[in-house]
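*Asks:* Build me a model from this:
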Amino acid sequence: MKVISIATAITFALSCKLGASLNVIINNDDGWATANIREFYKALRADGHNAFIVAPIEQQSGQGGRTVFTGEATLSRPGQFGTVPAGAPSFGSDPMDSHIWYYNGTPSAVTFFALDYLVKTKSIFNGSDPDLILTGPNEGSNAGPFVFTLSGTLGAAYAAVSRGIPAIAFSATNIIDRDYRSVNTTDDPATITGKLAAKVVNQLAQNGVGKNNRLLPYGYGLNVNFPYIATQPSALSEQVCTAPPFVHARLTGGASTDYAVFNNVTGLFTWASNNTSPGVNTCINGDCGLPGETDVIKECKSAISVWTIDYDAPDCGGAVQVRALLGNLVDNSGSNSTGSNATVTPTAPTTPTETGAGVRFGINTSLIGLVAALAVGMGNV
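*Replies:* Down below sits the predicted model:
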């Protein structure tokens with residue numbers, strides 16, 4: 001695949017023809033049998049990519065980066081939409097398609113299952129790592145830095161980037177949870193969304209960047225959110241939207257965070273969201289002139305945001321104020337000014353140490369926006 005700068009690669013319009021066949025894994029948090037993931041898989045295979053679905057056996061939304069491996073060798077209940085019977089192994093493949101796998105775990109756990117079992121032990125890519133790990137398209141948008149920490153779709157992508165594998169998280173505003181067997185028309189929203197997502201993959205295949213033919217630099221990922229796809233006006237969408245152009249966006253801006261709401265009648269709490277909090281809408285990194293991804297998808301436009309796993313605060317602005325507040329309590333002698341000149345030197349892999357527990361918690365949000373020019377215009381799918 002071609003090796004050029006990241007800025008040049010992402011500047012091209014997202015309408016180019018496939019330049020290279022990629023080894024890709026598709027994960028999600030909605031389950032292995034949903035319409036969105038299966039239509040995305042079909043689009044990638046049709047475009048010539050060596051794609052594998054490796055996804056949870058059941059709905060796992062809202063898990064964030066929570067990593068839970070099953071403690072049972074068999075399924076205690078049937079898999080999603082009755083696709084796998086109770087008592088079946090906790091992981092396995094579709095008997096009709098060896099490229100489609102399930103695992104009984106959270107999305108992040110599925111990412112690790114794919115990398116450490118299917119890739120390394122089963123050698124599904126003949127000894128090579130995947131070129132990309134793709135997650136989604138999620139059933140519902142994942143826009144803004146607060147949702148970044150909640151989404152299993154983003155958590156699975158974050159897990160991949162933590163392992164040095166480029167990743168893209170895709171989310172669709174259409175929320176309906178659907179069996180893939182319900183898709184029977186070419187203008188189905190799941191089909192349209194799958195083809196739109198494949199265009200982003202094809203763009204990177206055409207213009208691979210970085211050293212060692214990496215599609216994205218170490219530590220970087222993309223967050224892609226699609227607007228509500230509608231083939232005709234309805235109560236949910238006043239306009240037809242089937243070919244939304246891609247817009248370079250950022251995580252902050254118009255973003256929401258949650259609040260606890262108490263019901264005096266039931267005595268219970270529920271959640272509500274509000275998009276006025278400065279905590280999720282303060283621009284700290286990247287190009288503050290970019291529109292927020294939350295605002296972009298309110299129109300018939302798709303938002304692409306660039307994020308990084310390095311969520312240290314920049315050595316300027318608020319960080320200087322915070323450092324001054326800490327005063328002599330903190331030794332700053334180890335600081336330096338590598339900044340944009342910093343290089344990445346991957347360390348040799350170490351032997352994993354078993355913790356004795358099947359659960360590991362924690363994912364932190366990244367608010368880093370990378371300055372990159374993305375094409376606004378795009379042709380029809």
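
*Asks:* ok, which stretches of the chain are strands?
*Replies:* Along the chain, counting by DSSP state E, strands occupy 23-27, 50-56, 67-68, 91-94, 97-103, 132-139, 167-172, 220-226, 246-249, 257-263, 268-274, 302-308, 359-360.

*Asks:* and Ser151, what does it touch?
*Replies:* Applying C-beta atoms under 8 Å, 6 or more residues apart in numbering to Ser151 gives the contacts 29, 61-62, 64, 138, 142, 169, 171. Any C-beta I mention is one placed from the backbone N, CA and C, and that applies to glycine too.

*Asks:* buried subset of those residues?
*Replies:* 29, 61, 64, 138, 142, 169, 171 (16 or more other C-beta atoms under 10 Å).

*Asks:* Among those, which pair sits farthest apart?
*Replies:* Maximum pairwise distance in the buried ones among the contacts of Ser151, criterion C-beta to C-beta, is 14.1 Å, between Gly64 and Ser171.

*Asks:* what's the spacing between the residue nearest to Leu236 when sequence neighbours are not counted and Asn104?
*Replies:* Of all residues not flanking Leu236 in the chain, Tyr228 sits nearest, at 6.2 Å (C-beta to C-beta, 6 or more residues apart in numbering). The spacing between Tyr228 and Asn104, counted by C-beta to C-beta, to the nearest Å, is 32 Å.

*Asks:* the more surrounded of those two?
*Replies:* Using other C-beta atoms under 10 Å as the criterion, Tyr228 and Asn104 rank with Asn104 on top: 27 against 19.

*Asks:* Quick check, the more buried one in contact with Val68.
*Replies:* No. The criterion here is C-beta atoms under 8 Å, and Asn104 misses it with Val68 at 9.4 Å.

*Asks:* Just give me the longest helix of the chain.
*Replies:* In the chain, assigned by DSSP state H, the helix with the most residues is helix 189-206.

*Asks:* If you average the pLDDT over that helix, what comes out?
*Replies:* The average pLDDT for helix 189-206 rounds to 95.

*Asks:* And for stretch 98-116?
*Replies:* 98.

*Asks:* First-to-last residue distance for it?
*Replies:* Start to finish, the residues bounding stretch 98-116 are 18 Å apart (C-alpha to C-alpha, to the nearest Å).

*Asks:* Over to stretch 104-119?
*Replies:* Distance across stretch 104-119, first residue to last, is 18 Å (C-alpha to C-alpha).

*Asks:* who are the neighbours in contact with the closest residue to Ser61 other than its chain neighbours?
*Replies:* In space, and not counting its chain neighbours, Ser61 is closest to Asp29: 5.0 Å by C-beta to C-beta, 6+ apart. Neighbour list for Asp29: 56, 59-63, 106-107, 135, 138, 151-153, 155-156 [criterion: C-beta under 8 Å, 6+ apart].
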